[in-house]
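Colleague: Sequence first, then the predicted structure, then my questions.
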Number of protein chains: 2
Amino acid sequence: MKQEAKTTTGAPTTLWDRTRQLATQEILETALRLFTEQGYDETTIAQIAREAGVSQRTLFRYFGTKEDLLGGDQDRFGQVLTDTISAQPADVGVWEALRAGIAAVLSLHDSRERALERFHLLHNTASLRAGWLEKRLRFQEDLLPLVEARMDAAGGSADARARAMIATAFACLDAASMTWVANDGRGDIMDLYDECLAAVRG
Amino acid sequence: MKQEAKTTTGAPTTLWDRTRQLATQEILETALRLFTEQGYDETTIAQIAREAGVSQRTLFRYFGTKEDLLGGDQDRFGQVLTDTISAQPADVGVWEALRAGIAAVLSLHDSRERALERFHLLHNTASLRAGWLEKRLRFQEDLLPLVEARMDAAGGSADARARAMIATAFACLDAASMTWVANDGRGDIMDLYDECLAAVRG
DNA sequence: CGCCTACTTGGCAGTGACTGCCAAAGCTCA
DNA sequence: TGAGCTTTGGCAGTCACTGCCAAGTAGGCG
């Protein structure tokens, strides 16, 4: 379990690392292909493992859950999110900071097509949606202190208000990405996001 | 599968209906007890069935999934939600209508203590949260036409804006109920909801 | 070059939620 | 009471996921 230097510093790649990289790629691609071809629920781990040429056991070692086979390292999303928001200047407001974080995460997708495929699957598969929402809730939790720091003090429960603002931002992202998918990926998600937020904040 | 007249019109209760009622009650109470005692994930269906005095198979016939053992008929929530919002006068705005719907659903809980127990479990168990969010998403979908009918026409994607508003309302409900649970049920959830929405709509 | 060590892999058995199927037992109504 | 329907329980099977153990493979060292 020593894979800290996993970034693009391609230097110290041992054979094992390269093999692992290959396998990860292969599994991820096979999974996405099968998911889009026959649906998420209809695709079994056994099938993915077989077609990717690894054992089920190994597949589960690479990706802890079936959900992780979509979108890969979702923890990275959370990381980028908090990092980006932390990096905003102190005088940037809550909404602007949240917007920046979301934009950064969206820009993480490798290609528009891939993103569309993934989003499509995500919004049309109940089991996937559930898992994704849950994971996102953890991100939201991480954002709490960051957002509270940017809020103007006021009476009542700052905690509740911070939570509400964060959740609202994600709610707008949801609405935006759903519409984006419904439009087959035409237009810019962030434009839709802005429209949603404007509608909410009236 | 003839259980339409399942409301409080207690008249045409056959023995079967009463037995079913009893069993439902027993299962629900056993489940909630075990969940709070030892945690949701640590409680198996086998155990609930055993202690409630029914077979696993029967338990699954009463409640399709483990999640349903918490909060029982969640479909009823959705029903009350849409009904209440539909019943609002035509000149009532989106936010007010959504607020009314949420208030109606909250008032459905039998007692403050039960509600607190359930909410506590819900907010502290990842697997439960996921399922709940997913189910709620379906409610949100049902609300779409109702909300769009109340929106003032404007450019852009009405669909996206309606989604965003609905999701925001629920986001505020989430934030409110989390804080409510954190405060051990002190105060009124709707007050917190109002505070959250005010923070968002600034 | 050979060997020892550390890591990785695959198979196997097991758990837990959930489903289909079939036979047994229960209610209901004439 | 008996025919006919519903409900129930048990059993086997599927699927995601985990622990365990044996076998294979890379990396470093003499």
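Modeller: The structure has been received and is ready for your questions. Keep in mind that this is a model prediction, so the values were computed, not measured.

Colleague: which stretches of chain A form helices?
Modeller: The residue ranges that make up the helices of chain A, judged by DSSP state H, are A:15-38, A:45-52, A:56-62, A:74-87, A:94-106, A:112-124, A:126-150, A:158-182, A:189-201.

Colleague: closest to B:R76 out of those?
Modeller: Shortest separation from B:R76 across the helices of chain A is recorded for helix A:126-150, at 19.4 Å, computed as Cβ to Cβ. Placement of C-beta: from N, CA and C, glycine included.

Colleague: For that closest one, name the packing helices and strands.
Modeller: Here helix A:126-150 is seen to pack against helix A:74-87, helix A:94-106, helix A:112-124, helix A:158-182, helix B:126-150 when contacts are counted using 3 or more Cβ pairs under 8 Å, 6 or more residues apart in numbering or on different chains; DSSP states H and E.

Colleague: what about A:M165, neighbour count?
Modeller: By the measure other Cβ atoms under 10 Å in any protein chain shown, the count of residues near A:M165 is 25.

Colleague: A:D75 now?
Modeller: A count of neighbours around A:D75, defined by other Cβ under 10 Å, yields 12.

Colleague: domains for chain A, by residue range?
Modeller: A:15-67, A:73-201 (automatic domain parsing).

Colleague: Deepest-packed of those domains, please.
Modeller: domain A:73-201 (a mean of 18; mean count of other Cβ atoms under 10 Å in any protein chain shown).

Colleague: same question for that one, mean pLDDT?
Modeller: For domain A:73-201, the per-residue pLDDT values average out at 93.

Colleague: how much space is there between the residue in chain A that DNA strand C sits nearest to and A:F35?
Modeller: Of all residues in chain A, A:T58 sits closest to DNA strand C, at 2.9 Å by Cβ to the nearest atom of the strand. A:T58 sits 19 Å away from A:F35 when distances are taken as Cβ to Cβ, to the nearest Å.

Colleague: Would you mind naming what in chain A lies close to DNA strand D?
Modeller: Residues of chain A that fall close to DNA strand D, judged by Cβ under 7 Å from any atom of the strand: A:14-16, A:19, A:43-46, A:56-57, A:60, A:64-67.

Colleague: Any chance of the domains of chain A in JSON lines with distance to B:A31 as columns?
Modeller: Rendered in JSON lines, the data for these read as follows (distance: least, Cβ to Cβ, whole Å):
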{"stretch": "domain A:15-67", "distance to B:A31": "25"}
{"stretch": "domain A:73-201", "distance to B:A31": "20"}
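
Colleague: got TSV for the helices of chain A, with distance to B:G155 too?
Modeller: Written out in TSV, the entries for the helices of chain A read as follows (distance: least, Cβ to Cβ, whole Å):
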stretch	distance to B:G155
helix A:15-38	33
helix A:45-52	44
helix A:56-62	47
helix A:74-87	30
helix A:94-106	21
helix A:112-124	24
helix A:126-150	29
helix A:158-182	14
helix A:189-201	9
